[in-house]
Structures are given as structure tokens and as C-alpha cells.
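Asks: Give me coordinates for this.
(one chain, ligands or ions: 1)
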Amino acid sequence: MGGVIIMSPQRLVIGNHVLINAYSIIGAQSGISIGNYVMLGYNVNLATVNHKYTNPKLPIKKQGEYGAPISIEDDVWIGANVTILPGITIGKGAIIGANSVVTKNIKPYSIAAGIPARHIKYRFNKKYRSIANMINYSSY
Ligand SMILES: CC(C)(COP(=O)(O)OP(=O)(O)OC[C@H]1O[C@@H](n2cnc3c(N)ncnc32)[C@H](O)[C@@H]1OP(=O)(O)O)[C@@H](O)C(=O)NCCC(=O)NCCS
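Replies: A predicted model of the protein is given here:
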């Protein structure tokens, strides 16, 4: 079984009861926060850094980088082979389908999938979402 690579681990804040599956890459250079009871499938890529590319006189490699933090809230399940881009928040209780690329924030309890990841449906109806939202997973 392959391992997990964590870059800039000092910038990773991680909750309790978290599962990170094999071959995942946690690129925490610009900060990553992972809540409680989060599951990351195989080969998930959390990317917090972009390369600058707008200067016509320099190769991309020499233009520097910029980044933004990723936040994954409590009770999120990220499917296998998902990439999450810089600055994204995955709301509480959301699910990201296998092979997705997440380019925009995902609402709590949304099931989102595809490239780019789009909302497919909610896990629960509105009433159950408000019940689930009351659960405090830090003391669960
Ligand atoms: C996201 C997921 C949980 C949804 O499961 P579900 O609730 O049973 O949803 P459905 O299979 O009914 O799919 C609903 C729609 O979303 C689409 N869809 C589901 N998963 C998708 C994905 N990963 N990418 C693109 N579209 C997807 C389906 O094609 C379907 O579209 P349609 O309504 O046009 O037919 C599941 O498809 C998935 O991707 N699971 C991840 C599995 C995985 O990575 N396991 C590794 C161990 S962690």
C-alpha cells in the first residue's frame, strides 16, 4: 500500500477520526484545514498553490507562485482521484464524486461531481440538513 505525501505539514490543521487513503497528496503550502470525521479516497490531490503565468517575458517556472488555503469541513467524503484547487471550501457533510476537479466552493451536504465539480443533489432534504447541521463533530 502506498503512502500519503504531506507538503508543509506545519500548515496542516487536521481534526479527529480522519481517514486519508493511499497515494493522496496534501499540498499544504498555503494552508489546509481538515475537519472531524473527514474521509479522503485514494489518490486525492489537495493543491493550495498556483504558478503565475501572465508575464510574457518569463517562463512560467520563473514567474513565482501564489496560493490560497483549502478548508474541508466536518463529515466530508472525498471520492478517489479528486483534485481540489486553491482557495476552495468543501462545506460540512458534502460528498465529492470520484475523479472530480473542484474549482468552486461546495455547499454543506451537497453531492457534487465532475470536471468542474457541479452540484448533483443534496444528501438530505432541507429539514434533515438542518438537523445534521446541529451535530457538533468535535465532541462526537
Ligand atoms: C458521488 C457518489 C457518492 C454518488 O453516488 P449516488 O448517490 O449513488 O449517485 P448516482 O449514482 O445516483 O448518480 C447521480 C448522478 O450523478 C452522476 N455521477 C455520480 N458520480 C459521478 C462522478 N464521480 N462523476 C460524474 N458524475 C457522477 C451519475 O452519472 C448520475 O447522473 P444522472 O442523474 O445524469 O444519471 C458516487 O457516484 C461516487 O463518485 N462515489 C465515490 C466512490 C469512490 O471514490 N470510492 C473510493 C473509496 S473512498
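Asks: Would you list the phi and psi of Ile20?
Replies: phi -120, psi 120 (degrees, to the nearest 10).
Asks: doesn't Asn43 make contact with it?
Replies: No. The pair formed by Ile20 and Asn43 falls short of the contact definition of CB atoms under 8 Å, at 11.0 Å. Backbone N, C-alpha and C define where each C-beta goes, glycine included.
Asks: Show me where this protein has its helices.
Replies: Assigned by DSSP state H, the helices in the chain fall at 126-133.
Asks: buried ones in stretch 60-72?
Replies: Counting neighbours by 16 or more other CB atoms under 10 Å, one finds that the buried residues in stretch 60-72 are Gly67, Pro69, Ile70, Ser71, Ile72.
Asks: I'd guessed the first one sits against Leu46; true?
Replies: No. Applying CB under 8 Å, one finds Gly67 not in contact with Leu46, separated by 11.6 Å.
Asks: sorry, back to before: turn the buried residues of stretch 60-72 into a markdown table, columns for pLDDT.
Replies: Conversion of the buried residues of stretch 60-72 to a markdown table gives the following (pLDDT from 0 to 100):
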| residue | pLDDT |
| --- | --- |
| Gly67 | 97 |
| Pro69 | 98 |
| Ile70 | 98 |
| Ser71 | 98 |
| Ile72 | 98 |
